[in-house]
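Participant: Below are the sequence and a predicted model for it; my questions follow.
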Protein chains: 2
Amino acid sequence: MSYFDAASSAPLHPVARQGLQAALDEGWADPSRLYREGRRARLLLDAAREAAAEAVGCRPDELVFTTSGTRALYDGVAGALAGRRRAGRHLVVSAVEHSAVLHSAAAHERAGGTVTEVGVDRGGAVDVPAYAAALRDDTALACLQSANHEVGTRQPVAEVAAACRAAGVPLLVDAAQSLAWGPVAGDWSLLAASAHKWGGPAGVGFLVVRKGVRFAPQGPVDERESGRAAGFENIPAIVAAAAALRAVRAEAAAEEVRLRELTERIRARVPALVPDVQVVGDPVRRLPHLVTFSCLYVDGESLLHELDLAGFSVSSGSSCTSSTLTPSHVLKAMGVLSEGNVRVSLPLGTADADVERFLEVLPDAVARVRAKLGAPPSAAAADGALDELTVDALGERCPHPVIELAKALPRVRVGGTVTVLADDEVAAVDIPAWCWTQGQEYVGAEPRGLGTAYVVRRRA
Amino acid sequence: MSYFDAASSAPLHPVARQGLQAALDEGWADPSRLYREGRRARLLLDAAREAAAEAVGCRPDELVFTTSGTRALYDGVAGALAGRRRAGRHLVVSAVEHSAVLHSAAAHERAGGTVTEVGVDRGGAVDVPAYAAALRDDTALACLQSANHEVGTRQPVAEVAAACRAAGVPLLVDAAQSLAWGPVAGDWSLLAASAHKWGGPAGVGFLVVRKGVRFAPQGPVDERESGRAAGFENIPAIVAAAAALRAVRAEAAAEEVRLRELTERIRARVPALVPDVQVVGDPVRRLPHLVTFSCLYVDGESLLHELDLAGFSVSSGSSCTSSTLTPSHVLKAMGVLSEGNVRVSLPLGTADADVERFLEVLPDAVARVRAKLGAPPSAAAADGALDELTVDALGERCPHPVIELAKALPRVRVGGTVTVLADDEVAAVDIPAWCWTQGQEYVGAEPRGLGTAYVVRRRA
């Protein structure tokens, strides 16, 4: 088995396991107690905070341990918004943030706040001037991830932090995906991270609030962790998280080069090995261990199942694999295909041979799914004669509407149009993205009957 | 070293350690993923939920895992209040709840809700008719602990649950201190608990919401744990928590008898071994492993330090040991002495010999602290002649004002009064409690100058 989904959760680092073992013996007591076991627990907690702060690049008293990265984001966003209530109630986020930030933004809106979502380019990055333009006099907080969790694109955090600083707005950076590789550059104000992304245990997040940043913890609070993270401190896991981060950082420089070469190989070879594939995300400004591509005419769930049978664990931003049946908001914001989406994120130490084997099994896995779905052959377009053709894909789910479109288009002449009737909302993302990928013209969409009519003009 | 503070945090149970080890290997992946590692994690999570639900006495789909007992209480209270918003915004709690409940109540008041705190008797228990009388037409939620964390008194949960049911008000039970000993009886609606109290690891709480109870999670939410506990599931710790609860329950019947005998021994012998001691908490309806007493003319921090030197780790509800410098709200609500307070809570397996050694070292430890503080000799009262005496204890902290009172009282005649001037707020609790303990009359208090004048009439 090859586990290629480190961006979801990395296996426990051996150093984390050692740290956890030791701290289970030494760090189970209440660190606020004055007796021996309590003082010992306090020493471990203080040492872990020193180590974590050094890795982040902040003061120890600026960093608290939360119970997850999600909790760090929830509480970081809520506390920073409340601390700046006098400035206003406007929040700026990028459209491709982790769902924990977007859920926080939605909660802020429900509570009467306003939110601006800054869009991204097709590579998944925000544009610095566009981000800066979203900052207003009443902006209380801005949020930007250091790197995207689905496509690996690094965001221009230092530049956005400078723009925020100039506007007097604190910037909260979600560093969950990048902290293993190094500190976050730039003059940010708050930072959140999640230990199980770098081989630490589950149950530990970091929340950093720079000195001087106005911050007012929300909801009920207790005295633990400077009043910023309630509940009994999970010291064994905290010790393991800090130890893992230090260990991973020690390996980062060498592994960054090696894993970047492996992901580069996937980026280059998958489009050659598999027809009708789109590699997504910035090819250069990206995380070293992560690569994402979308396979036309494939549903993500079937492809993941085929790859699982072949011994590979990967994830997908396709709607078909999510419990909510909506496509990835990241791929949607980028305007790229969500169908047949595969994210490969390599854990530290991934062997060259495992990547080679992945490249070996992928073409057949895709071909099997396509055959089952009756996908169009990836041949030169036939020479159609029709002016117009309407295809009924009502009731059919991703990727069928696109498959029907791809089959129909060769039957019309160049300049002719195909209208696809569909009621799967994913079609609204995938049909325009398919057109862009294939060099066809997406004319537009309008409601018709129980669904939507998507019109595409043949250009090639 | 003898660790006698299980009520703060119990050392990790051997079964929890085994469960944690195994699940670190098998349960680190994201349980929402479809690949092998994810399915394996899901199986572990499901099995842990079944085991936990069986121990609680609820359906598995009624129980979610939170990141701490505190989080279970915060989110349980907030979700239940919001779910019953239409009924009203009134919350009932007992005055001796865990601070997490009282902090939640304070947050609810800040947000415009109303709160009734139901008082307790000198044993620490609520009165069922008094609790029932606090329920109103606009009461959205009632909270009651199963047993008190500072004095061990069991609350009449089943009776209060029946009263709540009759009034149509859901009852949330904080079962943190008692769940190790058995399920909570009665027709309660919500329940919260904390794994590190029963030898599970830190980082796991239970939140149970019975089917049919209106519940609306607050703040940003994600899809994990039925939308009731956000953030990546900490499966290794969850597995360990459920395994520890089952293991502890298997030992509970035998250990309950044994530990009850040990704590009974402390209850009976400490007042005989140490002069001027008050054992607090209900002598019968109580947790088996917990006993609390207060030593007059002693400050808690010094006594804990002496006991720590002698090899005993205990905790204290005295103001002197807390970071906030206010005395325990529990002891205050009970109207009992808070000075020189010692809580002994025995972990499973505590040896008889360790308790005997504790009883050996305690009298000297108390005597040393009293000698340092210049406490009055515990002799028969002298025959004073004065009608009135005023003692200036301004600027002096607990337990000095009470020590000054105890020294002054023998100097007035029976029927005469002593006035103590003090500005330590703890005196407002401890001077009346001392009078009650000593059979003297507490006349009253009034502001004077920079402090308060407490008047006591000699009765004996």
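Facilitator: Received it, and whenever you're ready, just let me know what you need.
Participant: and A:Val96, how far is that from chain B?
Facilitator: For A:Val96, the distance to chain B (Cβ to the nearest Cβ, to the nearest Å) stands at 17 Å. From N, CA and C alone the C-beta is placed, and that goes for glycine too.
Participant: and what of A:Gly212?
Facilitator: 24 Å.
Participant: Am I right that that residue sits in a strand?
Facilitator: No - counting by DSSP: H, G, I helix; E, B strand; the rest coil, A:Gly212 is not part of a strand but coil.
Participant: per-residue confidence at it?
Facilitator: At A:Gly212, the model reports a pLDDT of 96.
Participant: Show residues contacting the helix or strand in which A:Val291 is found.
Facilitator: Assigned by DSSP states H and E, A:Val291 belongs to strand A:290-295. Outside strand A:290-295, the residues that touch it by Cβ atoms under 8 Å, 6 or more residues apart in numbering or on different chains are A:7, A:150-152, A:177, A:263, A:266-267, A:270-271, A:274, A:276-281, A:303, A:317-318, A:331, A:336-346, A:366, A:369.
Participant: Next secondary structure element downstream of it?
Facilitator: Next element after strand A:290-295 (DSSP H and E): helix A:300-309.
Participant: for that following helix, packing partners?
Facilitator: Applying 3 or more Cβ pairs under 8 Å, 6 or more residues apart in numbering or on different chains; DSSP states H and E, we find helix A:300-309 packed against strand A:341-345, helix A:352-373.
Participant: The last one close to chain B?
Facilitator: No - among the residues of helix A:352-373, none lie within reach of chain B under Cβ under 8 Å from any Cβ of the partner chain; the closest is 13.2 Å away.
Participant: pLDDT averaged over that helix, what's the number?
Facilitator: Helix A:352-373 shows an average pLDDT of 96 in the prediction.
Participant: Up against chain B, what does the stretch 151-300 of chain A have?
Facilitator: A:194, A:196, A:201-203, A:205, A:219-223, A:230-237.
Participant: Can you flag which of those residues belong to helices?
Facilitator: A:235-237 (DSSP state H).
Participant: before we move on, the earlier item: want to throw the helices and strands packed on helix A:300-309 into TSV with distance to A:Pro11?
Facilitator: Converted to TSV, the helices and strands packed on helix A:300-309 look like this (distance: least, Cβ to Cβ, whole Å):
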stretch	distance to A:Pro11
strand A:341-345	12
helix A:352-373	14
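Participant: any idea what sits nearest the residue of the stretch 251-400 of chain A at minimum distance from chain B, other than its immediate chain neighbours?
Facilitator: Going by Cβ to the nearest Cβ, chain B is nearest to A:Ser313 of the stretch 251-400 of chain A, at 3.7 Å. Closest residue to A:Ser313 apart from its sequence neighbours, by Cβ to Cβ, 6 or more residues apart in numbering or on different chains: B:Tyr35 at 3.7 Å.
Participant: tally of neighbours for the one you found?
Facilitator: Using other Cβ atoms under 10 Å in any protein chain shown, B:Tyr35 has 24 other residues around it.
Participant: Tell me the pLDDT of it.
Facilitator: On the pLDDT scale, B:Tyr35 gets 93.
Participant: mind checking the SS state of A:Pro432?
Facilitator: Classified using three-state DSSP, A:Pro432 is helix.
Participant: centroid residue for chain A?
Facilitator: Geometric centre of chain A, nearest residue: A:His149, 2.2 Å, by Cα atoms, centre = their mean.
Participant: which residues sit in contact with that residue?
Facilitator: Going by Cβ under 8 Å, 6+ apart, A:His149 touches A:7, A:98, A:176-177, A:330.
Participant: how about the CA coordinates for stretch A:212-229, as PDB?
Facilitator: Extracted as PDB, the C-alpha positions of stretch A:212-229 are listed here (Å, rounded to 0.1, in the frame of the first residue of the first chain):
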ATOM      1  CA  GLY A 212       0.000  44.300  19.900                       C
ATOM      2  CA  VAL A 213      -2.700  42.600  17.900                       C
ATOM      3  CA  ARG A 214      -6.100  43.300  19.400                       C
ATOM      4  CA  PHE A 215      -7.700  40.000  20.300                       C
ATOM      5  CA  ALA A 216     -10.800  39.300  22.400                       C
ATOM      6  CA  PRO A 217     -11.500  35.500  22.900                       C
ATOM      7  CA  GLN A 218     -15.200  34.800  22.300                       C
ATOM      8  CA  GLY A 219     -17.700  32.500  24.100                       C
ATOM      9  CA  PRO A 220     -17.000  31.100  27.600                       C
ATOM     10  CA  VAL A 221     -13.300  31.200  28.500                       C
ATOM     11  CA  ASP A 222     -11.200  29.700  31.200                       C
ATOM     12  CA  GLU A 223      -7.700  30.600  32.500                       C
ATOM     13  CA  ARG A 224      -5.800  28.000  30.500                       C
ATOM     14  CA  GLU A 225      -3.500  28.900  27.600                       C
ATOM     15  CA  SER A 226      -3.800  32.600  28.400                       C
ATOM     16  CA  GLY A 227      -7.600  32.500  28.100                       C
ATOM     17  CA  ARG A 228      -7.300  31.600  24.400                       C
ATOM     18  CA  ALA A 229      -7.800  27.800  24.400                       C
END
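Participant: in chain A, what secondary structure element scores lowest on mean pLDDT?
Facilitator: helix A:427-438 (a mean of 90; mean pLDDT, DSSP states H and E).
Participant: Which strands or helices does that helix pack on?
Facilitator: Using 3+ Cβ pairs under 8 Å, 6+ apart, helix A:427-438 is in contact with helix A:400-408, strand A:412-422, strand A:441-448, strand A:451-457.
Participant: Swap in 6 Å and give it another go.
Facilitator: Here helix A:427-438 touches helix A:400-408, going by 3 or more Cβ pairs under 6 Å, 6 or more residues apart in numbering or on different chains; DSSP states H and E.
Participant: now the helix it packs on and helix A:427-438, what's the angle there?
Facilitator: 40 degrees (axes from the mean of the first three to the mean of the last three Cα atoms, to 10 degrees).
Participant: Show me the contact partners of helix A:400-408.
Facilitator: A:297, A:375-376, A:389, A:391, A:393, A:418, A:420, A:422, A:427, A:430, A:434 (Cβ atoms under 6 Å, 6 or more residues apart in numbering or on different chains).
Participant: try it again with 7 Å
Facilitator: A:296-297, A:339, A:373-376, A:389, A:391, A:393, A:418, A:420, A:422, A:424, A:427, A:430-431, A:434, A:456 (Cβ atoms under 7 Å, 6 or more residues apart in numbering or on different chains).
Participant: re earlier: mind checking pLDDT for the residue nearest to the centre of chain A?
Facilitator: On pLDDT, A:His149 comes in at 95.
Participant: Distance across stretch A:163-177, terminal residue to terminal residue?
Facilitator: Stretch A:163-177 has an end-to-end distance of 23 Å (criterion: Cα to Cα, to the nearest Å).
Participant: oh, I was asking about stretch A:296-304
Facilitator: One end of stretch A:296-304 to the other measures 14 Å (Cα to Cα).
Participant: Let me see the mean pLDDT of it.
Facilitator: 91.
Participant: residues making contact with stretch A:447-459?
Facilitator: Looking at what lies outside stretch A:447-459 - Cβ under 7 Å, 6+ apart - the contacts are A:394, A:405, A:409, A:412-423, A:427-428, A:431, A:435, A:439-446.
Participant: chain center to that stretch, what's the gap?
Facilitator: Stretch A:447-459 has its C-alpha centroid displaced from the chain centroid by 31 Å (Cα atoms, centre = their mean, to the nearest Å).
Participant: how long is it end to end?
Facilitator: 24 Å.
Participant: What residues sit buried inside it?
Facilitator: A:451-452, A:454-458 (16 or more other Cβ atoms under 10 Å in any protein chain shown).
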